[in-house]
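Here's my sequence, what's the structure:
(2 chains)
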Amino acid sequence: MSQQEPTSNFIRNIIEDDLEQGRRDAVVTRFPPEPNGYLHIGHAKSICLNFGLAEDFKGRCHLRFDDTNPVKEEDEYVEAIKDDLRWLGFDWGEHLYFASNYFEQLYQYAEKLIEKGKAYVCSLPPEKIRELRGTLTEPGQESPYRERSIEENLDLFRKMREGEFADGEHVLRAKIDMASGNLNMRDPVLYRILHAAHHRTGDSWCIYPMYDFAHGQSDSIEGVTHSICTLEFADHRPLYDWLVQELEIFAPQQIEFARLNLSYTVMSKRKLLQLVTEKRVSGWDDPRMPTLVGMRRRGYPPEAIRDFCDRIGVGKADSRIDLSVLEDTVREQLNESAPRRQAVLDPLKVIITNLPQDEIECSAANHPQKPELGKRSLPLTREIVIERSDFMEDPPKKFFRLGPGREVRLRNGCIIRCDEVEKNETGEVIALHCSCDPETFGANPKDGRKIKGTIHWVSATRGAQVPVRLYDRLFCDENPDKLEDFHQGINPESLQEITAWVEPQLLKAEAGEAFQFERVGYFTADGNDSTPGSPVFNRTVTLRDTWAKVQNK
RNA sequence: UGGGGCGUCGCCAAGUGGUAAGGCACCGGAUUUUGAUUCCGGCAUUCGCAGGUUCGAACCCUGCCGCCCCAGCCA
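Predicted coordinates for the structure are as follows:
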């Protein structure tokens, strides 16, 4: 992968400047997922950014679960997220944290705020709070409970903690400015009552801090210097800074960047969850999903995803990256690492009428550009199958494949000529009768004739048939998010299940192993459905196909 | 109409007053027992628009235009 200097971005510039000016003497970042769902490629951008920055500036990056909402979070997700992170290749070392570990500290911070007269218990019902918040253009109105005494606030807040009230009865609010143009500053709710068991703290608490009262303080407690988040939190920064200042604690700097959007896919957890619950896909790890588990199952190497995150850059402009960028990184990675094999997706029988022996052992390189990866043998028999699309009865001049009377090279084998086309009653071509030139195994024709085309094949008697899933983009609309209903953009042909012919070697494929099926694409043995001796292949990505491009003109 | 953010090639993105990096895509052409890979070459006289400052502006100033986000006791 690219060893050159990472391209600069505004966050790097800020950090470099902070270091040079002496505002900071170390770099501490963090990746703060909420354990309420699976990670997707958008999270990968944030992960690569945070861990990458820490690595480049010789600092550290924490993994902190932002678990302040017990009704949505589960331990199962914590483990899944850790697993994804490790798979991507990142290591948080000893720095695994949970916002819930700070609940007591956070509570003390809240009392401090009350004591400073900067927070109060508000007993308005939710609807009333919303009503008094005002609108985008009109200022809000102050809560009638805003001027409660410090003593009363403290007493009420302590009783909230003790469980003396029901959910929603009271709330702790910051006392800031109901007329602020920034809605987040209109006395935001800091704590709410929630009689719910938390995945880590169990029933110890019945009041839980809101995001705004947990995130910045958690950053502060951990000594995070640069708290990097997405653009929609920019409006929260004044509150983040206000809390840090009023609490008189270490001040991290929040920096916002634009979240990732990928063409032909949706990224919101809500929509992804919908795809799963509505059974439009087989699960969070369906190979068509933009989730990390899905991409892993599809066969995308983690290196490719990291390379992708490097290539797309970091900025503040809304953008949508073309899927081809991701596919390119996947191909680049797999081209290097995947052993080559032969497989036929859509078979057409070929009978080699004059093959000198029943079976000939052909030697094939596992990777033509890397002889060190060795060779394997490939059985060539009188009956083989080739790709239907490699034959045309009435081919155009530039078709370098098989046609009546035409010659073509069998990859890793010899040259054959199509002598006869066999059809059934309906006129469908069912087999080709060909003759071979036995002199051309591993050699060019003696008479100097040039054979332009090479096609792949599989022995019809020695090859095997295995299930293959051809995946395509989940959406045919470039930006499903802007559709009235994103379901309208779903690609009805995103999955095609077929039975393909593969060379004998492929039966030994192990779950997760990736291959290039020559001239077709990269395929990975499915991690869930493959069993020893009977792999199931997922098409990870096709090969570039300039011939298809020419044809479409 | 309040607050915040953004506008550099089809899609991303460097650039921070000295005369437009790079990647993807696209278009040639060479090599090739994968129409793959690899390799060469092409691809913004111009930076949302209009003025201004300057010897000189994508970068500074002014004014417009357009797009995104915010009214959860979600994160």
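
For the stretch 301-450 of chain A, give me the ranges with low pLDDT.
Counting by pLDDT under 70, the stretch 301-450 of chain A contains no low-confidence residues.

Near RNA strand B, which residues of it are found?
A:311-322, A:324-325, A:327-328, A:331-332, A:335, A:340, A:367-369, A:398-401, A:409, A:411-413, A:440-444 (Cβ under 7 Å from any atom of the strand). (Glycine included, C-beta is placed from N, CA and C.)

could you redo the last one with a cut-off of 6 Å?
A:311-322, A:324-325, A:328, A:335, A:340, A:368, A:398-401, A:409, A:411-412, A:441-442 (Cβ under 6 Å from any atom of the strand).

Give me the phi and psi for A:Met249.
In this structure residue A:249 is Ile, not Met. phi -120, psi 170 (degrees, to the nearest 10).

And for the one 10 residues further on?
According to degrees, to the nearest 10, the main-chain angles of A:Arg259 amount to phi -70, psi 160.

pLDDT value on it, please?
As predicted, A:Arg259 sits at a pLDDT of 97.

can you tell me how far it sits from A:Pro480?
16 Å (Cβ to Cβ, to the nearest Å).

How is A:Ile416 classified with respect to secondary structure?
Following DSSP: H, G, I helix; E, B strand; the rest coil, A:Ile416 is assigned to strand.

before we move on, the earlier item: narrow the residues of the stretch 301-450 of chain A next to RNA strand B to just the buried residues.
Neighbour counting with 16 or more other Cβ atoms under 10 Å marks A:312-314, A:321, A:328, A:340, A:399, A:401, A:409, A:411-412, A:441 as buried within those.

Between those residues, which sits nearest RNA strand B?
A:Gly313 (3.0 Å; Cβ to the nearest atom of the strand).

so what's the closest one up against?
With contact taken as Cβ atoms under 8 Å, 6 or more residues apart in numbering, A:Gly313 is in contact with A:7, A:9.

tell me the domain boundaries of chain A?
What automatic domain parsing lists as the domains of chain A is A:10-257, A:269-298+A:317-339+A:466-551, A:343-456.

Could you work out the end-to-end span of the shortest one for me?
This means domain A:343-456. Length of domain A:343-456, first residue to last, Cα to Cα, to the nearest Å: 7 Å.

Equivalent analysis for stretch A:481-500, please.
OK, stretch A:481-500 end separation, Cα to Cα: 35 Å.

Which residues of the stretch 51-200 of chain A lie near RNA strand B?
Near RNA strand B, when you scan the stretch 51-200 of chain A using Cβ under 6 Å from any atom of the strand, you find A:66, A:68-69, A:72, A:125-126, A:129-130, A:133, A:135-137, A:168, A:171, A:181-183, A:189, A:192.

of the residues you listed, buried ones?
Buried among these (16+ other Cβ under 10 Å): A:66, A:68-69, A:129, A:133, A:171, A:189, A:192.

Identify the bridge partners of A:Ala525.
A:Phe537 (DSSP bridges).

That one and A:Gly533 touch, don't they?
No: with contact defined as Cβ atoms under 8 Å, A:Ala525 does not reach A:Gly533; the gap is 11.4 Å.

In terms of neighbours, single out the busier of these two.
A count of neighbours by other Cβ atoms under 10 Å puts A:Ala525 above the other of A:Ala525 and A:Gly533, at 22 against 9.

who's in contact with A:Asp358?
Contacts of A:Asp358 (Cβ under 8 Å, 6+ apart): A:381-382.

how much space between it and RNA strand B?
20 Å (Cβ to the nearest atom of the strand, to the nearest Å).

Read off the pLDDT value for whichever residue of the stretch 51-200 of chain A sits closest to RNA strand B.
Distances between the stretch 51-200 of chain A and RNA strand B by Cβ to the nearest atom of the strand are smallest at A:Gly181, namely 2.6 Å. We note a pLDDT of 96 for A:Gly181 in this prediction.

part of a helix, is A:Glu151?
Yes: assessed by three-state DSSP, A:Glu151 belongs to a helix.

List the contacts of it.
With contact set as Cβ under 8 Å, 6+ apart, A:Glu151 has no partners.

Now do the helices in the stretch 451-553 of chain A.
A:546-551 (DSSP state H, counting those that start in this stretch).

Using the three-state scheme, assign the residue lying farthest from the centre of chain A.
What lies farthest from the middle of chain A is A:Asp447; by Cα atoms, centre = their mean that is 53.2 Å. The three-state assignment at A:Asp447 reads coil, by three-state DSSP.

helices or strands next to the lowest-mean-pLDDT helix or strand in chain A in the packing?
Counting by mean pLDDT, DSSP states H and E, chain A has its least confident helix or strand at helix A:546-551, which shows a mean of 91. If you count contacts as 3 or more Cβ pairs under 8 Å, 6 or more residues apart in numbering; DSSP states H and E, helix A:546-551 packs onto no helix or strand.

contacts for that helix?
Against helix A:546-551 from outside (Cβ under 8 Å, 6+ apart): A:Lys398.

chain center to that helix, what's the gap?
29 Å (Cα atoms, centre = their mean, to the nearest Å).

Check stretch A:168-175 too.
Centre to centre, stretch against its chain (Cα atoms, centre = their mean), the figure for stretch A:168-175 is 38 Å.

how close does A:His456 get to RNA strand B?
7 Å.

ugh, typo on my part, it should be A:Ala251
18 Å.

for the residue of the stretch 51-200 of chain A closest to RNA strand B, helix, strand, or coil?
Per three-state DSSP, A:Gly181 ends up coil.

Next, work out how far apart it and A:Pro139 are.
In terms of Cβ to Cβ, A:Gly181 sits 9 Å off from A:Pro139.

One more: A:Tyr522?
58 Å.

Same drill for these two, tell me which one is more crowded.
A:Tyr522 (26 against 14).

contacting residues for that one?
Neighbouring residues of A:Tyr522 by Cβ under 8 Å, 6+ apart: A:299, A:330-331, A:334, A:338, A:514-516, A:539-543.

got those residues as TSV, with distance to A:His198 and neighbour count columns?
Shown next, in TSV, are the contacts of A:Tyr522 (distance: Cβ to Cβ, whole Å; neighbours: other Cβ atoms under 10 Å):
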residue	distance to A:His198	neighbour count
A:Gly299	37	27
A:Val330	39	24
A:Arg331	44	21
A:Leu334	43	24
A:Ala338	45	22
A:Ala514	41	21
A:Phe515	46	27
A:Gln516	48	22
A:Arg539	42	24
A:Thr540	39	26
A:Val541	42	21
A:Thr542	46	16
A:Leu543	50	15
